[in-house]
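1. I'll drop the sequence and a predicted model, then ask my questions.
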Amino acid sequence: MNFSKQSFFSLLLLILIQASNAQDTVSSSWGKRLRFIAEDSTFSLKFGFRFQTLYDGRLNLNTDVYEDAMMVRRSRLKFDGWAIDPSVVYKLELAVSNRDQRSGHNAESGNTANIVLDAVVKWNFAKNWHVWWGQTKLPGNRERVISSQNLQFVDRSLVNSRYNLDRDVGVQLRHKSGDDKFRQILAVSLGQGRNVIARNPDYGYQITGRLEFLPMGGFKGKGDYVGSDIQREATPKLSIGLTGDLNTNAVRSRGNLGGFVENAEGDYISEDLTSFIADMMFKYNGISAMSEFALRSADNEEGLFGTGGGFVFQAGYLFPSNWEIAGRFTDIDADSNQTVFADQREFTLGVSRYISGHDLKFQSDISYQTFPGQTTEYLIFRFQTEIAL
């Protein structure tokens with residue numbers, strides 16, 4: 001850790017100590033984070049941390065070569081609350097493990113650690129209406145919007161890693177019906193991903209729209225964005241989502257993610273990328289099922305951007321003992337002329353033990369992965385622990 005990071009975390013610790021001494025109300029419990037409310041009620045703050053420790057072992061079935069690794073997969077600091085008025089909410093989330101700090105060491109991100117995940121203000125300016133401003137996840141596929149803390153498997157599917165929209169900087173307008181059966185989201189952002197400070201010279205923008213339909217009403221505990229039926233829905237619940245996205249003059253190989261695409265002279269190559277995503281979540285009495293379909297295309301198909309489609313379906317059952325068994329099938333059908341990734345197929349079986357919901361759990365899964373048209377096959381085993389205050 002260099003001096004600047006030490007200074008940052010020392011300052012953070014001093015702020016928290018001072019806040020705990022200065023507040024009128026301090027409360028905490030496992031999984032609920034530390035909470036502070038100002039004596040004059042002008043602000044509130046919740047602070048928490050979480051980390052995941054991962055073992056990843058991969059056997060190449062063609063060569064019998066086994067490779068493994070153990071790492072801190074994710075480590076996060078989370079701050080949120082309201083400022084001046086409860087209708088003005090803020091969220092700040094920082095990544096402090098090096099596995100989390102991707103794409104930071106390049107000119108576009110200022111050649112520095114890329115630690116800021118979310119930095120967003122949310123204003124409830126009218127009944128059932130919110131506007132968000134800052135950096136946060138775009139309203140893309142459901143699996144991506146689900147927090148990595150609340151996943152049903154050790155990690156998200158290949159469909160998400162290939163075609164998700166990820167985080168960006170911009171503004172989002174959100175509305176829901178009074179009975180919470182219909183939701184609409186419109187986002188306008190810069191289209192280059194998180195923490196990019198060197199603006200795309202073509203000045204492209206990204207426009208994202210999402211519609212959600214919950215015919216049986218809302219889920220307990222926002223369960224339509226939580227893996228597994230942790231709340232054990234007493235009646236069937238279903239959520240259907242549709243997302244359309246246009247990223248104009250995108251200069252990264254996967255839109256908001258991937259490398260910056262350049263020609264031999266070092267100039268940016270840009271494409272208009274169009275994405276369509278359909279997803280659903282179903283839960284009832286410990287049973288859960290989730291599915292997503294994604295499709296991405298480029299305007300002139302130069303083959304330098306990750307285009308194609310993918311499908312994933314997963315389902316599981318959470319036993320009364322809080323053990324869960326789940327299965328997942330993933331299929332990637334990449335465009336033949338692009339070079340970013342290949343066709344891929346994966347079958348996954350997962351076993352999880354929830355000690356305190358998603359705040360304290362042990363998860364493992366085993367996957368059989370193939371590349372259609374190739375002879376390469378892998379057997380992948382992962383084991384992960386999650387701790388979240």
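-> That came in fine, so what should we check first?

2. ok, and the closest non-adjacent residue to residue 221?
-> residue 231 (4.9 Å; C-beta to C-beta, 6 or more residues apart in numbering). C-beta coordinates here come from the backbone N, C-alpha and C atoms, glycine included.

3. Let me see the contact set for residue 362.
-> By C-beta atoms under 8 Å, 6 or more residues apart in numbering, the residues touching residue 362 are 352-353, 355, 383-386.

4. Going through those, which ones are buried?
-> Burial by neighbour count, judged by 16 or more other C-beta atoms under 10 Å, picks out 352, 383-384, 386 from the contacts of residue 362.

5. which one of those sits closest to residue 296?
-> residue 384 (28.6 Å; C-beta to C-beta).

6. doesn't residue 51 make contact with the closest one?
-> No: here residue 384 lies out of contact with residue 51, judged by C-beta atoms under 8 Å, at a distance of 10.4 Å.

7. Does the residue nearest the centre of the chain lie in a helix or a strand, and which?
-> In the chain, the centroid-proximal residue (C-alpha atoms, centre = their mean) is residue 144; its distance is 3.8 Å. In the assignment (DSSP states H and E), residue 144 maps to helix 142-145.

8. Following element in sequence after that helix, please.
-> helix 158-163.

9. So which residues make contact with the very next helix or strand once past that following helix?
-> Downstream of helix 158-163, the next assigned helix or strand under DSSP H and E is strand 167-176. Here strand 167-176 makes contact (C-beta under 8 Å, 6+ apart) with 117-118, 128-139, 182-194, 196, 206, 256.

10. Filter those down to the buried ones and hand me the ChimeraX line.
-> Buried residues among these (16+ other C-beta under 10 Å), as a ChimeraX selection:
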select :117,118,130,132,134,135,136,137,138,139,183,185,187,189,190,191,192,193,194,196,206,256
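
11. In strands only, show me the contacts of strand 167-176.
-> 117-118, 129-137, 182-189, 206 (DSSP state E).

12. Residue ranges in the stretch 251-389 of the chain under the pLDDT threshold?
-> Within the stretch 251-389 of the chain, the stretches with pLDDT under 70 are 301.

13. Can you list the residue ranges for strands in it?
-> Using DSSP state E, counting those that start in this stretch, the strands of the stretch 251-389 of the chain run over 252-254, 257-260, 271-284, 287-298, 308-318, 323-334, 344-356, 360-370, 377-388.

14. helices and strands around the last one, which ones?
-> Contact partners of strand 377-388 among helices and strands, from 3 or more C-beta pairs under 8 Å, 6 or more residues apart in numbering; DSSP states H and E: strand 44-60, strand 360-370.

15. Let me have these in TSV, adding distance to residue 174 as columns.
-> Shown next, in TSV, are the helices and strands packed on strand 377-388 (distance: least, C-beta to C-beta, whole Å):
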stretch	distance to residue 174
strand 44-60	21
strand 360-370	30
